[in-house]
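K.L.:
sequence and predicted structure, then a few things I'm wondering about:
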Amino acid sequence: MKKILFQLGIAAATLLLPSLVSGEPLQIELPPETASFKPAAGVELANAQCLVCHSVEYVATQPPFPRTFWAASVKKMREKYDAQIPDAQVEPLLDYLVENYGVKTNGPPASPVTPSLVAESKTPEALGFKFGCTLCHGLDKKIVGPALKEIATKYRADPTALAKIAEQVRQGGSGKWGPALMPPFPMVAAEDVKILGDWILSLK
Ligand code: HEC
Ligand code: HEC
């Protein structure tokens, strides 16, 4: 309750200020329906267990992650932050989170690759899925990192582009596009880095 009042306080202050300054009538535009979990089987569990300490955005703004991510997240909420989630509700909660905020549903996946294809395939889409590149980079859409097409545009005329991409994959880093950090991927073999790099640079 305290948190809700606090948030309303901030909203009221930011809405009020310009109207005081400009003298124009106050217009209140409510944000789109993001304040609750997506309605689906199990939503009552998420509403009861995941809104105690923070807003739904903490969940809704995550990239589309697989079940292992959500399992780790719920474990962290219980162990680190002492969320009082009964054991019997954990699996049903994971079902709900994966179904509604998981790989398939939280935004369009960058490629239609399914995990069963990944093991054998060396297509760039499959490699991007396997190493998680496309969890953070949409084709056209920034997720955690820049859209792959933006990267292609940045490097279109740069003859050393492939080397720079390889460097980014090996070392990770931040600061070129913003404060977000890309982790290093030393496990990606040089030939796979080249496949990924050629692919990124070919995107239009
Ligand atoms: C007891 C309080 C509490 C409950 C209940 C809780 N969380 Fe959290 N959650 C936190 C805190 C504290 C943070 C970290 C906030 C920060 O760093 O700004 C957090 C952050 C998160 C994040 C952001 C990523 C991260 O790990 O920091 C996700 C995702 C998340 N919670 C999911 C959930 C889900 C799903 C549930 C319901 C199953 C849930 N939380 C219930 C306290 C809670
Ligand atoms: C956890 C999220 C995350 C994952 C996973 C990830 N990236 Fe990134 N990536 C980022 C972020 C954030 C940046 C921006 C870094 C910066 O601002 O310097 C970035 C930047 C880049 C760039 C631009 C480098 C430049 O010089 O401008 C390339 C290329 C790239 N990533 C490729 C990849 C590839 C290939 C993979 C998979 C092997 C991958 N990324 C996986 C988050 C990620």
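P.N.:
Arrived safely. Numbering: from 1, shown residues only. Ligands and ions are numbered 1, 2, ... in the order given.
K.L.:
can I get the host helix or strand of Arg78 in CSV? Just the C-alpha atoms.
P.N.:
In this assignment (DSSP states H and E), Arg78 forms part of helix 67-79. Once non-C-alpha atoms are left out, helix 67-79 reads as follows in CSV (Å, rounded to 0.1, in the frame of the first residue of the first chain):
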residue,chain,number,x,y,z
ARG,A,67,11.9,-21.7,-18.2
THR,A,68,15.4,-22.1,-16.7
PHE,A,69,15.5,-18.3,-16.4
TRP,A,70,12.2,-18.0,-14.7
ALA,A,71,13.0,-20.9,-12.3
ALA,A,72,16.2,-19.1,-11.3
SER,A,73,14.3,-15.8,-11.0
VAL,A,74,11.6,-17.3,-8.7
LYS,A,75,14.4,-19.1,-6.7
LYS,A,76,16.1,-15.7,-6.3
MET,A,77,12.9,-14.0,-5.1
ARG,A,78,12.5,-16.7,-2.5
GLU,A,79,16.0,-17.1,-1.3
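K.L.:
ok, it near ligand 1 or not?
P.N.:
Yes. Under the criterion of Cβ under 6 Å from any ligand atom, ligand 1 is reached by helix 67-79 at 73-74, 76-77. In short, each C-beta sits where N, CA and C put it, glycine included.
K.L.:
what's the following helix or strand after the helix or strand of the chain with the lowest mean pLDDT?
P.N.:
In the chain, no helix or strand scores lower on mean pLDDT, DSSP states H and E than helix 2-22, which sits at a mean of 41. Going down the chain from helix 2-22, the next helix or strand is helix 43-50, by DSSP H and E.
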